[in-house]
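# Attaching a predicted model along with its sequence, questions to come.
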Amino acid sequence: MTTLPDEVLQGHLRHYADFAEADRTRILAAIIKNYGRSVDHSDLDRSTQWHTAIQNLSTNPLTAELVESTARLLSNRAAGPPSKFRARSLLTDIGAAVQQVPVSAEQQLGLALDLHKQGLAPVLTYAFNRWIIPAVEPQAVGRRLAELTVMGLYRLAEADAAATDATLLTSGSAADVIRTGSRVGKHPRNYAAREVLLPLEFANYQALAQTRLHDRIPANADFEPTTKTLHHDYVPGSDGESILRSGFLPNPRQRTDLEYLHSALLRDLPEHRLPLDLHPGNFVWNAAEDRWVLVDIGPIPVIGSEEYFVEDFSAYYTHTWLNRLTREHAEPIRSIDYSVGRM
Ligand SMILES: Nc1ncnc2c1ncn2[C@@H]1O[C@H](COP(=O)(O)OP(=O)(O)OP(=O)(O)O)[C@@H](O)[C@H]1O
Ligand SMILES: [Mg+2]
């Protein structure tokens, strides 16, 4: 329902060919950089080769020639016929291809390069510090990887600079969040936000407004189809992240309410198939009403969603809330490193 149908997902993958060359180049560069993260430091020759290549990408202008030749060199992709991807069962073909190829940075990068060369979005099989090639049917693997590309890597496509407005609440990696009086607008800054994340966030509103969670999300959401901007009512209060950053832990009332909300989410989300990003920054404590409101119900890819949602409340609370700041400090990049070129 509020997940992307296969045909839509495949359409986004094929849209890759229509991106400007500079966008495709940055996406491939990000893929190289992230596969580099999988190479173990103790493996000296390999790790030196990857390190030098990635260093070279970051100190030179990111041209298509440079990035493609780097991918070719690292993946040893000079010889051999490329994998073939049929248009009709693209997700299955992608899933089957990543499962057939050995689980190594070189080999998986080779596959990404093949996709890129064929005008199809490359997929990344190393994220969240691990290989993500689950032993499930190829179609399901292809789906998850495609979702990670269109929700994640597509942030590097058709990207605008962040706004620098006084009314800006935040500028995340996908959208500018701007408050105007009692309304908040979420303005997309790249292809992923515009075509995938914000439309799905609005679909999530429509689904959750029908559940018991209707008063735990901002009221009066609407979606402007031409600008792809999402609006909802402003919720007065501090978000969980700012509370933690200012050195406070949730008070007993806040902890109890969070536990209540967590169990309501556990009960209502699965039937709506919505993996949400449940980090503390996405909850605002509405002091007047004495409860948390989930202000960001944008979707996240299934891959990595277990990072953000643990079924056992006390494990979730410890991992996602109490340990948030130390974990962030120990490991600033957990999911995917998007910092390439002019990002
Ligand atoms: N309706 C609202 N009322 C009050 N504050 C809000 C509201 N919407 C957003 N915010 C504030 O703005 C911040 C960013 O909004 P939101 O989480 O929707 O953006 P985002 O780009 O998805 O952020 P991220 O990717 O970091 O989760 C929130 O963490 C919250 O502090
Ligand atoms: Mg958020």
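Okay, I see it. Ligands and ions are numbered 1, 2, ... in the order given.
# When you work out contacts or count neighbours from here on, use the C-alpha atoms and nothing else.
Will do.
# for ligand 1, what are the nearby residues on the stretch 51-200 of the chain?
Contacts of the stretch 51-200 of the chain with ligand 1, taken as C-alpha under 6 Å from any ligand atom, map to Leu169, Thr170, Gly172, Ser173, Ala174, Ala175, Val177, Val184.
# Going through these, which ones are buried?
Burial by neighbour count, judged by 16 or more other C-alpha atoms under 10 Å, picks out Thr170, Ser173, Ala174, Ala175, Val177, Val184 from those.
# with those residues in mind, which one is nearest to Leu57?
Nearest to Leu57 among these, counting by C-alpha to C-alpha, is Ser173 at 21.6 Å.
# How about the contacts made by the closest one?
Arg155 (C-alpha atoms under 8 Å, 6 or more residues apart in numbering).
# Show me the chain divided up by domain.
6-156, 168-233, 238-330 (automatic domain parsing).
# Looking at those, which is nearest to Val340?
Val340 lies closest, by C-alpha to C-alpha, to one member of these: domain 6-156, at 6.1 Å.
# So what's the gap between the closest one and the chain middle?
From the chain centre to the centre of domain 6-156 is a distance of 16 Å (C-alpha atoms, centre = their mean, to the nearest Å).
# quick check, the helix or strand containing Glu328 touching ligand 1?
In this assignment (DSSP states H and E), Glu328 forms part of helix 324-330. No. Using C-alpha under 6 Å from any ligand atom, we find that helix 324-330 stays clear of ligand 1, coming within 13.1 Å at best.
# who's in contact with that helix?
Defining contact as C-alpha under 8 Å, 6+ apart, one finds that helix 324-330 is touched by Leu244, Arg245.
# check contacts around the residue nearest to the spatial centre of the chain.
The residue lying closest to the centre of the chain (C-alpha atoms, centre = their mean) is Gly152, at 3.9 Å. Applying C-alpha under 8 Å, 6+ apart, we find Gly152 in contact with Ala192, Ile336.
# Sticking with Ile54, tell me its helix or strand.
Applying DSSP H and E as the criterion places Ile54 in helix 44-59.
# Now do the strands in the stretch 51-200 of the chain.
Along the stretch 51-200 of the chain, the segments classed as strands by DSSP state E, counting those that start in this stretch run 126-127, 130-131, 168-171, 175-180, 183-188.
# List the neighbouring strands of the third one plus their orientation.
Note on strand 168-171: by DSSP bridges, its sheet partners are strand 175-180 (antiparallel).
# Likewise for the second one?
Looking at strand 130-131 with DSSP bridges, its paired strands and their directions are strand 126-127 (antiparallel).
# how about the residues of the stretch 201-343 of the chain that lie near ligand 1?
Within reach of ligand 1 by C-alpha under 6 Å from any ligand atom, the stretch 201-343 of the chain has these residues: Pro218, His232, Asp233, Tyr234, Val235, Pro236, Asp239, Gly281, Asn282, Val295, Asp296.
# Now with 8 Å, please.
218, 232-239, 241-242, 277, 279-284, 295-298 (C-alpha under 8 Å from any ligand atom).
# Buried ones among the residues you listed?
Those of those that meet the buried threshold are 218, 232-235, 239, 241, 277, 279-284, 295-298, by 16+ other C-alpha under 10 Å.
# Let's see which of these end up in strands.
Secondary structure defined by DSSP state E assigns His232, Asp233, Asp239, Phe283, Val284 of these to strands.
# residues making contact with stretch 219-235?
By C-alpha under 8 Å, 6+ apart, the list of residues contacting stretch 219-235 from outside reads 179, 181-188, 194-195, 198-199, 202, 205, 218, 284, 286, 293, 295.
# buried stuff in it?
For stretch 219-235, the buried set under the neighbour-count rule, 16+ other C-alpha under 10 Å, comprises Ala219, Ala221, Phe223, Lys228, Thr229, Leu230, His231, His232, Asp233, Tyr234, Val235.
# Kindly report the same for stretch 333-343.
Within stretch 333-343, the residues that qualify as buried are Ser335, Ile336, Asp337, Tyr338, Val340, Gly341, counting by 16+ other C-alpha under 10 Å.
# any idea which element the fourth one lies in?
For Tyr338, there is no enclosing helix or strand under DSSP H and E.
# Chain neighbours aside, what residue packs nearest to it?
For Tyr338, the nearest residue in space outside its immediate sequence neighbours is Ala30; the separation is 6.0 Å by C-alpha to C-alpha, 6 or more residues apart in numbering.
# how about the one you found, what does it touch?
The neighbourhood of Ala30, defined by C-alpha under 8 Å, 6+ apart, consists of Leu153, Asp337, Tyr338, Ser339, Val340.
# Would you format those residues as TSV with pLDDT included?
Formatted as TSV, the entries for the contacts of Ala30 read as follows, by pLDDT from 0 to 100:
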residue	pLDDT
Leu153	97
Asp337	94
Tyr338	93
Ser339	92
Val340	89
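# TSV for those residues, including distance to Glu306?
TSV is the format used below for these (distance: C-alpha to C-alpha, whole Å):
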residue	distance to Glu306
Leu153	19
Asp337	19
Tyr338	21
Ser339	24
Val340	26
